[in-house]
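Peer 1: Give me coordinates for this.
(chains A and B)
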Amino acid sequence: MAYIRKVFTGFILVLPLIFSSLIFSETSDYNMPIGVTEVSESIFGLHMLIFWICVVIGVIVFSIMFWSLWKYRKSKGAVAADFDDNFWLEIGWTVAATLVLVWMAVPSTQVMVEAYDDAEGEINILITGHQWKWHYEYLEDEVGFFSNLSTSQEQIDGEVPKGEFYLREVDEPLVIPTNTRVRFLITGNDVIHSWWVPDFAVKQDAIPGFINTAWTNVPEPGIFRGACTELCGIKHAFMPVVVRAVEREEFDAFIAEKVALAEEERMLTSKVWTKDELMARGESFYATNCAACHQANGQGIPPVFPSLVGSQITMFDSNKHIEILMEGVQGSAMAAFGESYSEVDIASVITYTRQAWSNGEKGDGVIVTPQDIVAYKNRIDL
Amino acid sequence: MSTVVESHDHGHHGPAKGLSRWLFTTNHKDIGTLYLWFSFIMLFIGGAMAMVIRAELFQPGLQIVQPEFFNQMTTNHGLIMVFGVIMPAFVGLANWMLPMQIGAPDMALPRLNNLSFWLLPMAFGILISTLFMPEGGPNFGWTFYAPLSTTYAPSTVNFFIFSVHIMGVSSILGSINIITTIFNMRAPGMTLMKMPLFVWSWLITAYLLIAVMPVLAGVVTMMLMDINFGTSFFNAAGGGDPVLFQHVFWFFGHPEVYIMILPAFGIVSHIIETFSRKPIFGYSSMVYAMASIAILSFVVWAHHMFTVGMPLAGELFFMYSTMLIAIPTGVKVFNWVATMFRGSITFETPMLFSIAFVALFTIGGFSGLMLAIVPADFQYHDTYFVVAHFHYVLVPGALFGIIAAAYYWLPKWTGNMYDETLGKLHFWLTFISVNVTFFPMHFVGLAGMPRRYPDYALQFADFNALISVGAFMFGITQLLFLFIVIKTIRSGKQAKPEVWEGAGDLGLEWTLSSPPPYHSFTVQPQVK
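Peer 2: Numbers count the residues shown, from 1 in each chain, chains lettered A, B, ... in the order given. Here you go, the predicted model:
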């Protein structure tokens, strides 16, 4: 009986060790990802080194503790010794602890110096965190785009089954070339966000008024998924990061296409738009960029997100309406869209919201054209 | 330590009757009781919020609450547990035990004592009332980073700021009282290096509080100015600096973390020496370790901010200074183990909680050491790995210390022994559920789940379900604790003055009757 109890106790004591070994094995889904870059591999190695040092210390300390608890229990007739001090023992373990820390600090410093490097990249990308989406701008080619969550609200609400990449998919991922030093310049537009891609071991806060830097160099093509890791408001969990690394030729083609699209967009500003064209474009823009707060039915979530239905501004004051879209509203979640979107987008969404939900019938129904937005910008420039 | 006590019975010095006893009391035990009950009630309120969080996170998708309310729950759960549970519980224990441990009749400043308690229900009344306002309560996390908590905050943030100011005043007044009591009211012969470790831990904690609570008041005042008076401390558009907020907040916040653990160090030291029947190993190194931890706590704050974009030298400095804290903390753990070594050990409930404290707090210490390593922190930062870390030091750390203290001193306070069988049942249920709740959080964090997420990707689903089950079990188990405490107050085997075998030699509190007289020591004992 005593034998069985001993075996059982031994089993209980080594169980956590077996369990952690399984979880912390390199192939486990529940350990830090090794990642795909040199830096992420060094960081993984460092993580495992520190982890195993902690495990060894833990095993030693806990073994002595549980052995003492077992050996010196009063029910077995243990009589307490009365020492309460041992100078050399105390000096000894203080020195030992210090040496272990130095052992940890040396490789940590090396990896840190390796990871910390803000020299220019071959490709430089400005990443701006917005409530609640990422904006990517290729600084060399002066093109940029927003990257929005593409998981549907129905999936989030559980009305339809969740897809494989639930909350980890976007409409337009960031595209970077492989085997190229890519530098990220990271900032925030409204509150603090944080841009994280575990496979690159890049996590950098996106802070309004600051530009932080990070870099990576991805050897193989692939799709890498990350997240926003600084609480940024209601939709903090709903602004994932997706990066697609592609071969250099594919990347160049992608940029060429983006440049052409941007040129087309600029042409659109001078085109004469009909009401229906503006409405169609405005409706899709609204669904992507506005509905999260103001809701698809325009009713908003008062008092935080005001209703656009029957409001004085959306019905009778088109100048104020333009100003709000362009400049945002201080002290609220309403961002200044003018900096980030084309005149066509701004004009079409204003036109759409002035017509939709019977605002058009009850209000003045003014149609705002891209030229009006250009006029507003010129007015401000004076 | 041996003592000579003369006991006098002053029947006419009993408590007043009815509600006024509690409203106007200046008695250290009554105020201690008020603090402890207040913190117990707040534990269930903050705990209920944790249950809402875990219910929502039981499976992916939004089922029970919307993100807006979820954020209010995480924020208020944190604020209530830090400022409404752990801190008041330690102040309550200090009120009860300091005069009894140093041989004094009461605290030095009894009216101030009454004020510092009664400010607290006001502060938390204001804070919790915001949850019922149309715009909802604070929703920017307990660390309330600007500008989410200023430009982008609901207008109820003003109530939050007012409430934090009141909590700060309460803590500062309480600390002044504790320092004054310890320096002026010790029994003759009790030199500083003969003080019980719980007294030492509170002396150091009180200094930390006085040093950092004004910093917290400063940062919330800057927020108030930014929100209402057009300043731009934290508003980049006006030339301000959002990172300044984090520096000032964490200059308060890191010492605050040790404020929440040092008194538990003191408590656990007493309990381990009592049930090992052997004096604490390395008393003076225990004192020096606590003092070192307190001093180091002022130079490590930016390890909470490794991803804000500090220069390399800054990152390395805060990594090294943080690693240094492992030395005094390690010394404390070694000393507790050395106290058990060659003792004569029994396993009453307070001892079980203290052993679990040593083991699980050490695990929290290990993950803390891992988090100190800057490059690795880039991967851990703001994930569930951090959530696992600070819950390991705060729940099986600070909270287990408080629960252990309650079992250890409850027979002294009430004169009744608690039910040992129920106590052990409470321990085992708590011990299992706390690990089921918080241990898997390490794994979901490493796998990449960020904190403060109301919804998450599918690969985190299994562990989140497990975590929620553990959390519900932990929550329900604490109702058993409530039952045990009430049962002990109402009835139980009569406790002897020394309560625990051999405790009579360990401290002055065990020389008093159980329950102790209303004015603990009316005649000062002699400490030899």
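Peer 1: residues in contact with whichever residue of chain A sits closest to chain B?
Peer 2: Taking Cβ to the nearest Cβ as the measure, chain A has A:Gly209 as its residue closest to chain B, at 2.5 Å. From N, CA and C alone the C-beta is placed, and that goes for glycine too. Under the criterion of Cβ atoms under 8 Å, 6 or more residues apart in numbering or on different chains, the contact partners of A:Gly209 comprise A:187, B:236-237, B:240-242.
Peer 1: B:Pro279 versus the residue nearest to A:Lys71 when sequence neighbours are not counted, what's the distance?
Peer 2: If the residues on either side of it in the chain are set aside, A:Lys71 comes closest to A:Ala78, at 7.3 Å by Cβ to Cβ, 6 or more residues apart in numbering or on different chains. Per Cβ to Cβ, to the nearest Å, A:Ala78 is found 16 Å from B:Pro279.
Peer 1: Can you point out the buried residues in the helix or strand harbouring A:Leu325?
Peer 2: Under the criterion DSSP states H and E, the helix or strand holding A:Leu325 is helix A:318-327. By 16 or more other Cβ atoms under 10 Å in any protein chain shown, the buried positions in helix A:318-327 come out as A:318, A:321-327.
Peer 1: neighbours around the residue nearest to A:His294 when sequence neighbours are not counted, how many?
Peer 2: In space, A:His294 comes closest to A:Gly300 once its chain neighbours are excluded; the distance is 4.7 Å by Cβ to Cβ, 6+ apart. For A:Gly300, the tally of surrounding residues (other Cβ atoms under 10 Å in any protein chain shown) stands at 17.
Peer 1: Now do stretch A:194-212: distance from first to last residue.
Peer 2: Counting by Cα to Cα, to the nearest Å, the length from the leading to the trailing residue of stretch A:194-212 is 10 Å.
Peer 1: With stretch B:488-505 instead?
Peer 2: With Cα to Cα as the measure, what separates the two termini of stretch B:488-505 is 25 Å.
Peer 1: residues in contact with that stretch?
Peer 2: Stretch B:488-505 is contacted from outside by B:1-2, B:274-275, B:277, B:346, B:348, B:408, B:410-412, B:414-419, B:510-514, using Cβ under 8 Å, 6+ apart.
Peer 1: Now do the strands in the stretch 201-350 of chain A.
Peer 2: Listed from the start of the chain, the stretch 201-350 of chain A has strands (DSSP state E, counting those that start in this stretch) covering A:202-206, A:212-216, A:222-228, A:241-246.
Peer 1: Same list (the ones you listed) but as CSV, adding mean pLDDT.
Peer 2: What follows is the strands of the stretch 201-350 of chain A, written out as CSV (pLDDT from 0 to 100):
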stretch, mean pLDDT
strand A:202-206, 96
strand A:212-216, 95
strand A:222-228, 96
strand A:241-246, 97
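Peer 1: tell me the most buried of those strands?
Peer 2: For the strands of the stretch 201-350 of chain A, ranked by mean neighbour count under the definition mean count of other Cβ atoms under 10 Å in any protein chain shown, the leader is strand A:202-206 at a mean of 26.
Peer 1: what does the model give residue 288 for pLDDT?
Peer 2: Just so you know, I chose chain A. In the predicted model, A:Thr288 carries a pLDDT score of 84.
Peer 1: that answer is for a different chain, and I need it for chain B
Peer 2: With respect to pLDDT, B:Tyr288 scores 96.
Peer 1: Tell me which residue of chain B lies closest to chain A.
Peer 2: Taking Cβ to the nearest Cβ, chain A has its nearest neighbour within chain B at B:Ala236, 2.5 Å off.
Peer 1: my read: that residue touches B:Pro242, true?
Peer 2: Yes. Checked against Cβ atoms under 8 Å, the pair B:Ala236 and B:Pro242 is within contact range at 6.1 Å.
Peer 1: between these two, which one's more packed in?
Peer 2: A direct count of neighbours by other Cβ under 10 Å for B:Ala236 and B:Pro242 places B:Pro242 higher, at 25 against 19.
Peer 1: who are the neighbours in contact with B:Met190?
Peer 2: Applying Cβ under 8 Å, 6+ apart to B:Met190 gives the contacts B:102-103, B:527.
Peer 1: Can you list phi and psi of it for me?
Peer 2: Dihedral angles of B:Met190 (phi, psi; degrees, to the nearest 10) stand at phi -90, psi 90.
Peer 1: Secondary structure class of B:Lys496, three-state.
Peer 2: With DSSP: H, G, I helix; E, B strand; the rest coil as the basis, the three-state label of B:Lys496 is coil.
Peer 1: typed the wrong thing, it's A:Asp190
Peer 2: Of the three states, A:Asp190 takes coil under three-state DSSP.
Peer 1: Leaving out sequence neighbours, find the closest residue to it.
Peer 2: A:Gln131 (5.1 Å).
Peer 1: Could you do B:Leu57 as well?
Peer 2: If you skip the residues right next to it in sequence, B:Leu57 has B:Asn464 as its closest partner in space, 5.2 Å away by Cβ to Cβ, 6+ apart.
Peer 1: Ok, B:Ala187 next?
Peer 2: B:Gly103 (3.0 Å).
Peer 1: and if you look at A:Tyr138?
Peer 2: With sequence-adjacent residues excluded and distances taken as Cβ to Cβ, 6+ apart, A:Tyr138 is closest to A:Ile125, at 5.9 Å.
Peer 1: Need the contact partners of the helix or strand harbouring that neighbour.
Peer 2: Element membership for A:Ile125 (DSSP H and E) is strand A:123-130. Contact partners of strand A:123-130, identified using Cβ under 8 Å, 6+ apart, comprise A:134-140, A:144, A:146, A:174, A:176-177, A:180-190, A:192-195, A:206, A:211, A:228, A:232, A:239, A:335, A:340.
Peer 1: residue nearest the centroid of chain B?
Peer 2: The structure's chain B has its C-alpha centroid closest to B:Ile86; by Cα atoms, centre = their mean the separation is 2.9 Å.
Peer 1: In this structure it contacts B:Val395, no?
Peer 2: No. Proximity of B:Ile86 to B:Val395 does not meet the contact threshold set by Cβ under 8 Å, at 9.7 Å.
Peer 1: where does A:Tyr116 land on pLDDT?
Peer 2: The score at A:Tyr116 is 89. That number is its pLDDT.
Peer 1: unless I'm mixing things up, it is touching B:Ala313, no?
Peer 2: No. Under the criterion of Cβ under 8 Å, A:Tyr116 is not in contact with B:Ala313, lying 10.2 Å apart.
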